[in-house]
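A.B. asks: here are the coordinates; sequence isn't available:
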């Protein structure tokens, strides 16, 4: 019976016969003895296997190259080496699949850029095995957090006719023959002949649909893929990414921030508890000091400051920034990091942003200039969460939709929520990839998702 390497290393059932199945990471030895490192992906560590060469044919031993998949039966014994508690004295070997001589993951350093070109193999490396185990822990923790608080999990649609952000950065969905697109008399695309009878696209957010649930079933959340047709090649942007978007019924901006603060701390504590070995690798090889920073952040209180007061503080240090701060501009990463790392020396919420730089659905404040919005900022990365109290007043929401140059008819169902039993409600969005990136210290967001989608790249 197969037992994972993780189980064997943690439970250490010495002097028993066990079976290990995995891939050869390294091979070394002499004429008498061969040492293998076998990894099955269940944890960062590998199982050391010792083979007495006289018990195996030269043909078998020569096939045990890096990348070869094997089944090894043997006796688990206490290891004399301090690096691992046990090792396996192999007695039987079955080779499932040989690794050809041109296997690209030999024992040497490979650049992340090169590994993106072989994304079908990169998960076999230490770095990417660790990344996706941490991603798995965080994904489970997302559901645990909201389920423990009785939130309803909503599968929001991927194909939609509503542009949540009103920015027009949607991928179109069509079944038209692109070489023969039907046109109207005015020489425009005749969307009525398309599959959905109107222009449709891939969702940029599940928020609007979550508001439907919040206004009927109470607190809810979405956690799924979203898409942006944004021609951006930065280390923080993807064309396809996963979003976590809770919506709180009968909740205001303060409730929204309280939930976001608890959520971030919960995720960090989850990886500290369940991913310590992988985090130690990131701390050592990718981002020194990351483990200590996460431990500090796990219990850190979040400061709160208005956008107006934040701009005032930034303007006093204007000469420090490439982008000179002024009221009305969106904060840049350099501003956000200055607030967290220099002013507050910890996480902070910035609230009440100018309405002109925020989306139409955010609740207008009494001053008529700002909206009840918030961003959660973390040291080293800046914004990790963006949220707001939603505009629940019909007339003000309709006015904002018009002001943004959007069609009221496209949001008639959304406006209905304000006509029939409207309630105050709020929510936020967390880019799941950025959270993985923050926790691991990986510099490029292309390296925390299995198959990154970016401009010019949809491989695999």
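C.D. replies: On my side now, so go ahead. Source: prediction; values computed, not measured. Residues are numbered from 1 along each chain as shown.

A.B. asks: where does residue 405 land on pLDDT?
C.D. replies: pLDDT recorded at residue 405 is 88.

A.B. asks: where does it fall, helix, sheet strand or coil?
C.D. replies: Classification of residue 405 using DSSP: H, G, I helix; E, B strand; the rest coil returns coil.

A.B. asks: Can you get me a residue count around it?
C.D. replies: Residues near residue 405, counting by other Cβ atoms under 10 Å, number 9. Quick note: C-beta positions are derived from backbone N, CA and C, even for glycine.

A.B. asks: what's the distance between it and residue 339?
C.D. replies: 32 Å (Cβ to Cβ, to the nearest Å).

A.B. asks: average model confidence for stretch 272-287?
C.D. replies: Rounded mean pLDDT across stretch 272-287 is 97.

A.B. asks: For that stretch, buried residues please.
C.D. replies: 272, 274-275, 278-279, 281-283, 286-287 (16 or more other Cβ atoms under 10 Å).

A.B. asks: Format those residues as TSV; extra columns: distance to residue 431 and secondary structure.
C.D. replies: What follows is those, written out as TSV (distance: Cβ to Cβ, whole Å; DSSP: H, G, I helix; E, B strand; the rest coil):
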residue	distance to residue 431	secondary structure
272	21	helix
274	22	helix
275	19	coil
278	21	helix
279	20	helix
281	23	helix
282	19	helix
283	23	helix
286	19	helix
287	19	coil
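
A.B. asks: from those residues, which is closest to residue 26?
C.D. replies: Of all the buried residues of stretch 272-287, residue 26 sits closest to residue 281, with 16.4 Å by Cβ to Cβ.

A.B. asks: Could you check which helix or strand contains residue 314?
C.D. replies: In the assignment (DSSP states H and E), residue 314 maps to helix 307-315.

A.B. asks: quick one: low-confidence ranges for the stretch 1-150 of the chain?
C.D. replies: Within the stretch 1-150 of the chain, the stretches with pLDDT under 70 are 1.

A.B. asks: what about residue 162, which SS state?
C.D. replies: Going by three-state DSSP: residue 162 is coil.

A.B. asks: and residue 255, how many residues sit next to it?
C.D. replies: Using other Cβ under 10 Å: residue 255 sits among 17 other residues.

A.B. asks: what sits against it?
C.D. replies: 248, 426 (Cβ atoms under 8 Å, 6 or more residues apart in numbering).

A.B. asks: Mind listing what's buried along the host helix or strand of it?
C.D. replies: Using DSSP H and E, residue 255 maps to helix 253-274. Within helix 253-274, the residues scored as buried using 16+ other Cβ under 10 Å are 253, 255-257, 259-261, 263-272, 274.

A.B. asks: shouldn't residue 127 be in contact with residue 286?
C.D. replies: Yes: between residue 127 and residue 286 there is a contact under Cβ atoms under 8 Å: 7.3 Å.

A.B. asks: Output the contacting helices and strands for the helix holding residue 314.
C.D. replies: helix 333-338, strand 348-354 (3 or more Cβ pairs under 8 Å, 6 or more residues apart in numbering; DSSP states H and E).

A.B. asks: about what we covered before: return the angle between stretch directions for the helix holding residue 255 and strand 348-354.
C.D. replies: 150 degrees (axes from the mean of the first three to the mean of the last three Cα atoms, to 10 degrees).

A.B. asks: how far does helix 253-274 sit from the chain's center?
C.D. replies: Distance of helix 253-274 from the chain centroid (Cα atoms, centre = their mean, to the nearest Å) equals 15 Å.

A.B. asks: Same question for stretch 114-130.
C.D. replies: 17 Å.

A.B. asks: Next, the distance between the ends of it.
C.D. replies: 18 Å (Cα to Cα, to the nearest Å).

A.B. asks: Isn't residue 204 up against residue 228?
C.D. replies: Yes: contact criterion Cβ under 8 Å: residue 204 and residue 228 qualify, at 5.8 Å.

A.B. asks: Please point out which parts of the regular element (helix or strand) spanning residue 293 sit buried.
C.D. replies: Per DSSP H and E, residue 293 falls inside helix 290-297. Within helix 290-297, the residues scored as buried using 16+ other Cβ under 10 Å are 290-291, 293-294, 297.

A.B. asks: pull the longest strand from this structure.
C.D. replies: Longest strand in the chain, counting residues (DSSP state E): strand 16-29.

A.B. asks: Which residues does that strand contact?
C.D. replies: Contacts of strand 16-29 (Cβ under 8 Å, 6+ apart): 1-3, 5, 8, 34-41, 46-47, 49, 51, 53, 64-76, 88, 96, 99, 107, 124.

A.B. asks: Could you give me the buried positions within it?
C.D. replies: 18, 20-25, 27.

A.B. asks: Repeat that for stretch 64-83.
C.D. replies: In stretch 64-83, the ones that count as buried by 16+ other Cβ under 10 Å are 64, 66-70, 72, 74, 76, 79.

A.B. asks: any idea how far stretch 436-453 is from the chain center?
C.D. replies: On Cα atoms, centre = their mean, the centre of stretch 436-453 falls 7 Å from the chain's centre.

A.B. asks: average pLDDT across that stretch?
C.D. replies: Rounded mean pLDDT across stretch 436-453 is 96.

A.B. asks: Could you give me the buried positions within it?
C.D. replies: Quick answer for stretch 436-453 (16+ other Cβ under 10 Å): 436-442, 445-449, 452-453.

A.B. asks: what does stretch 375-385 give?
C.D. replies: 375-379, 381-385.

A.B. asks: and the end-to-end length of that stretch?
C.D. replies: With Cα to Cα, one end of stretch 375-385 sits 6 Å from the other.

A.B. asks: which residues touch that stretch?
C.D. replies: Residues contacting stretch 375-385 (Cβ under 8 Å, 6+ apart): 257, 260-261, 263-264, 293, 297, 302, 331, 333, 335-337, 339-341, 345-350, 353, 374, 386-387, 428-431, 434-435, 437-438.

A.B. asks: Which among those residues count as buried?
C.D. replies: By 16+ other Cβ under 10 Å, the contacts of stretch 375-385 give 257, 260-261, 263-264, 293, 297, 302, 331, 335-337, 339-340, 346-350, 353, 374, 386-387, 428-431, 434-435, 437-438 as buried.

A.B. asks: Hmm, residue 408 is touching residue 402, no?
C.D. replies: Yes: look at residue 408 against residue 402 with Cβ under 8 Å: they come within range, at 6.8 Å.

A.B. asks: Can you name the residues that contact residue 199?
C.D. replies: Counted by Cβ under 8 Å, 6+ apart, residue 199 has contacts 161, 172, 189, 191.

A.B. asks: So among the residues you listed, where is pLDDT lowest?
C.D. replies: Lowest confidence among the contacts of residue 199: residue 161, with 85.

A.B. asks: Show me where the stretch 101-250 of the chain has its helices.
C.D. replies: 112-117, 126-148, 207-214 (DSSP state H, counting those that start in this stretch).
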